[in-house]
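Q: Quick one, structure for this:
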Amino acid sequence: MAVLFPSLLQPGRRPGAAGLLCLGLLAAACGDDKDDASGDDAADGSDGADGSDGTDGTDGTDGADGTDGGLSLGALDTHVWAVANLDDDDEDGVQDYGLRAEDDELVALFAAGDFDGLTDGRVLELRFGGDAAPVGLWVDGERVADDASTDTVTLDSDNDPAAVLVEVGDFAIEAALDIALVAADGSTEDAVTVTVHGAPLILNNHLQEAIAGGAVAFSYSGYGSNADMLDDMVGELGESFITPNSSRYEYDVWVQDELEFGTASVPGHQIQVTIDSIRSGRSRGLDDFPEDNFFGPDEAIGTWGDGRATSQDSFGNLEISPPVTVDGVDYPFGRIYYGDSGSGLRPATGLQDFLERQAIQKPFELDIEWLCVGHVDEFTTFLPDPTAPRGFRLYVADIDEGYAFLETLDPSMSLPQYRSDHGYADVGEILEDGSLAAYNEDLQLDHIDPNIEVLRRELALTDDEIVRVPALFERSGACYGYALALIPATVNMAVWTASNGVDAKLFLPDPFLRSDTRDLGSDPFIATFEALLPSHLSFHWVDDWDVYHMGWGEVHCGTNVRRTQPTDWWTAASHLVEDSP
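A: Residues are numbered from 1 along each chain as shown. Predicted coordinates for the structure are as follows:
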């Protein structure tokens, strides 16, 4: 199919043997509590010293000079946790970090009464240790220190202790805040270092409840429309699934590739987070999509990584497994995996480093060298299944199963959808294509099977947890001979999981492996695939052929889903991080 907007409809182009970079705009297919997050991290005065009745702190100590101290630094928690202040609480379209003193992401360091003991010329000195981490300190509504400053902030009894706040501007970071109680003669009576932590970002997996999602509505004369697909999805999901017009985003339809959703939380507070890929920028394509739809109070946006984007920077190439235990280590939020071409094309170093730093979902890599677009969602997905040993199964594209399925069909069965777009008039022509068969056999042996072994090792998968889905790929002349799905990639689906983490609605690409393209019920592939899945899942086969399949992607590539965090990470995953609240 000729493409009017080659950089928009086609999700990405792979490099040839010369190692050319992928080009084009897309470069890819594919109840919160507003309380302070301080919890026990901020001393409440009663734990240290009240200073009002002449008694010392509850820890039984007095000031270092033998007089009533009234302010005991020993009462401070030496670890303070906050979520990154990257949302937009005042809804002015700008991230709040460094701009607002009245913000529910800021955490109080001291409480009312804590400064009553600053008498006789005593002062409290605070200074960041010079760590290269985005942190800030606010006093009386003024930002007085940040990570770029090592200046000392001096507080005395005239300061309002309720207005001493700290904020962080990134996830899974930490910085040292040195605090000293200094006497009038300049001697240090007491000192402590408080470590300020940014909560980790946890990316979503398919066992988490779906709460919102979307796709862009596309229609262009001669190039198809996704109206039927979106009508089906909105009919099932209602207003929780948004469909803004693609003309707003330069006809960039690859929503999955632009965004990755997750959550960040501390005790008492949680925010939704969108990672905005580097694949588009400067208000091109979908660059403004997250700001338009997923940015506001408790809705944060951030971008990690830089440089010239390749297809591997798109988030069809970034997926998360369900919870697993591997070599005795529990990963209660699953593990991140992404594709590496083996020839230098992989996600930007900055994003890789960011994902590694989160620690809770230790990443690993799969081989996507063989694929045209080069995304892991082209051949893998995970689905909830209460009958499985761990409540899920991996569904993976399998060429042997693809040929075994075709061999059950009448060779003379016409395939009108494949005749014009793939050059195969009937089933027999596919089966008789020896070059196609040899190409697919190599893909299975050299790439798919080794990838399955990596998934087995990194996720401790058993045979019973792996379902092989009939699939077939073709060598694309438009993509330097790399592989594109011939049969629409069934595993490349949208998964809308219910609140119980078990039931789910699946939105799957119509395979059109039938003579009557209007009659879904006559398609033998649909019947074969549905027999592979547990009965608690509901199936919705949608027409993604013109806009997505022929644009080198499928349903998953053109949609995206936000989900809830199922449990507190500091309860479930504290063993994976050095410190936790």
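
Q: Identify the residue nearest D252 in space, chain neighbours excluded?
A: Excluding its sequence neighbours, the residue lying closest to D252 (C-beta to C-beta, 6 or more residues apart in numbering) is G285, at 3.6 Å. (Each C-beta comes from the backbone N, C-alpha and C, glycine too.)

Q: Would you agree that neighbour is in contact with E250?
A: Yes: the pair G285 and E250 qualifies as a contact (C-beta atoms under 8 Å) at a distance of 5.1 Å.

Q: Compare these two and say which is more crowded by neighbours.
A: G285 (25 against 17; other C-beta atoms under 10 Å).

Q: how far away is that one from T408?
A: Using C-beta to C-beta, to the nearest Å, we find G285 at a distance of 42 Å from T408.

Q: Check L508 too.
A: Taking C-beta to C-beta as the criterion, L508 is separated from T408 by 20 Å.

Q: cool, A176 as well?
A: 66 Å.

Q: Give me the more crowded residue out of these two.
A: Comparing A176 with T408 by other C-beta under 10 Å, the one with more neighbours is A176, at 15 against 9.

Q: can you pull the pLDDT of the more buried one?
A: What the model reports for A176 is a pLDDT of 94.

Q: do the same with W304
A: W304 is assigned a pLDDT of 97 by the prediction.

Q: got the contact list for it?
A: Residues touching W304, when contacts are defined by C-beta atoms under 8 Å, 6 or more residues apart in numbering, comprise 275, 348, 350-351, 353-354.

Q: Using JSON lines, please lay out those together with neighbour count and pLDDT.
A: Shown next, in JSON lines, are these (neighbours: other C-beta atoms under 10 Å; pLDDT from 0 to 100):
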{"residue": "I275", "neighbour count": "25", "pLDDT": "98"}
{"residue": "A348", "neighbour count": "20", "pLDDT": "95"}
{"residue": "G350", "neighbour count": "14", "pLDDT": "96"}
{"residue": "L351", "neighbour count": "23", "pLDDT": "97"}
{"residue": "D353", "neighbour count": "11", "pLDDT": "97"}
{"residue": "F354", "neighbour count": "20", "pLDDT": "98"}
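
Q: Spatially, which two of those are the most separated?
A: I275 and D353 (13.5 Å; C-beta to C-beta).

Q: now the helices for this structure?
A: If DSSP state H is used as the criterion, the helices of the chain fall at 6-9, 227-237, 255-258, 289-293, 349-358, 399-406, 416-422, 427-431, 434-443, 449-459, 524-530, 569-572.

Q: which one of these lies closest to G328?
A: Ranked by C-beta to C-beta, the member of the helices of the chain that lies closest to G328 is helix 449-459, at 13.8 Å.

Q: which helices and strands does that closest one pack with?
A: Judged by 3 or more C-beta pairs under 8 Å, 6 or more residues apart in numbering; DSSP states H and E, helix 449-459 is in contact with strand 324-326, strand 364-367, strand 392-398, strand 466-470.

Q: State the distance from L73 to E125.
A: If you measure L73 against E125 using C-beta to C-beta, the figure is 11 Å.

Q: Apologies, that question was intended for V373.
A: As for V373, its distance to E125 is 56 Å (criterion: C-beta to C-beta).

Q: hey, which of the helices and strands packed on helix 449-459 is tucked in deepest?
A: The highest mean neighbour count among those, using mean count of other C-beta atoms under 10 Å, belongs to strand 392-398: a mean of 23.

Q: Paired strands for it, with orientation please.
A: In the sheet containing strand 392-398, the strands it pairs with under DSSP bridges are strand 380-384 (antiparallel), strand 466-470 (parallel).

Q: and D170, what does it touch?
A: By C-beta under 8 Å, 6+ apart, D170 lies in contact with 84, 133-134, 198, 302.

Q: pull the helix or strand with minimum mean pLDDT from this protein.
A: In the chain, no helix or strand scores lower on mean pLDDT, DSSP states H and E than helix 6-9, which sits at a mean of 39.

Q: Name the strands paired with the longest strand along the chain and say parallel or antiparallel.
A: Using DSSP state E to assign secondary structure, the strand with the most residues in the chain is strand 188-198. Looking at strand 188-198 with DSSP bridges, its partner strands are strand 79-82 (parallel), strand 174-182 (antiparallel).

Q: Show me where the stretch 451-581 of the chain has its strands.
A: Shown for the stretch 451-581 of the chain, the strands assigned by DSSP state E, counting those that start in this stretch span residues 466-470, 473-475, 483-485, 494-497, 504-509, 537-542, 560-563.

Q: Who's the closest spatial neighbour of V561, skipping the chain neighbours?
A: Spatially, and ignoring its direct neighbours in sequence, V561 is nearest to G213 (4.1 Å; C-beta to C-beta, 6+ apart).

Q: Please look at that neighbour and R563 and confirm they touch.
A: No: the pair G213 / R563 is not scored as a contact, 9.2 Å apart, by C-beta under 8 Å.

Q: more crowded one of these two?
A: Shown here are G213 and R563; by other C-beta under 10 Å, R563 has more neighbours (24 against 21).

Q: Next, count neighbours for G186.
A: Applying the criterion other C-beta under 10 Å, we find 8 residues in the vicinity of G186.

Q: what's near enough to touch it?
A: Listed by C-beta under 8 Å, 6+ apart, G186 has no contact partners.

Q: mind checking how far the closest residue to F294 other than its chain neighbours is from K505?
A: Among residues not flanking F294 along the chain, T274 sits closest, at 4.9 Å (C-beta to C-beta, 6+ apart). Taken as C-beta to C-beta, the spacing of T274 relative to K505 amounts to 22 Å.

Q: Looking at the contacts of W304, which is nearest D433?
A: Using C-beta to C-beta, A348 is the member of the contacts of W304 that sits closest to D433, with 38.5 Å.

Q: doesn't S314 make contact with that closest one?
A: No: A348 sits out of contact with S314 when judged by C-beta under 8 Å, with a separation of 11.1 Å.

Q: And D503, how close does it get to M413?
A: In this structure, D503 and M413 are separated by 34 Å, where distance is defined by C-beta to C-beta.

Q: wait, I meant F128
A: Counting by C-beta to C-beta, the gap between F128 and M413 amounts to 71 Å.

Q: neighbour-wise, which of those two wins?
A: Regarding F128 and M413, a neighbour count based on other C-beta under 10 Å identifies F128 as having more, with 24 against 14.

Q: Provide a list of residues in contact with that one.
A: If a contact means C-beta under 8 Å, 6+ apart, then F128 has 135, 137, 145-147, 149-150, 175-178 as its contacts.

Q: quick one: which of those has the most company?
A: The most neighbours of any of those, using other C-beta under 10 Å, belong to V135, which has 26 neighbours.

Q: Quick check: that residue touching S149?
A: No: under the criterion of C-beta under 8 Å, V135 makes no contact with S149, lying 10.3 Å away.

Q: Please tell me how far E167 sits from D103.
A: Spatial separation of E167 from D103 under the definition C-beta to C-beta is 7 Å.

Q: now swap in P332 and tell me
A: In terms of C-beta to C-beta, P332 sits 29 Å off from D103.

Q: go on, T517?
A: Separation of T517 from D103 (C-beta to C-beta): 55 Å.

Q: again with F110
A: In this structure, F110 lies at 17 Å from D103, with C-beta to C-beta as the measure.

Q: same deal with F382?
A: To D103, F382 is 36 Å away according to C-beta to C-beta.

Q: Kindly report the same for L71.
A: Here the distance between L71 and D103 works out to 26 Å (C-beta to C-beta).

Q: neighbour count winner among the two?
A: L71 (29 against 17).

Q: Might one say that the more buried one is in contact with G113?
A: No: using C-beta under 8 Å, L71 is not in contact with G113, being 9.4 Å away.

Q: Give the bridge partners for the closest residue to T497 other than its chain neighbours, please.
A: Sequence neighbours aside, A504 is the residue nearest to T497 in space, at 4.4 Å (criterion: C-beta to C-beta, 6+ apart). According to DSSP bridges, T497, L537 are recorded as the beta-bridge partners of A504.
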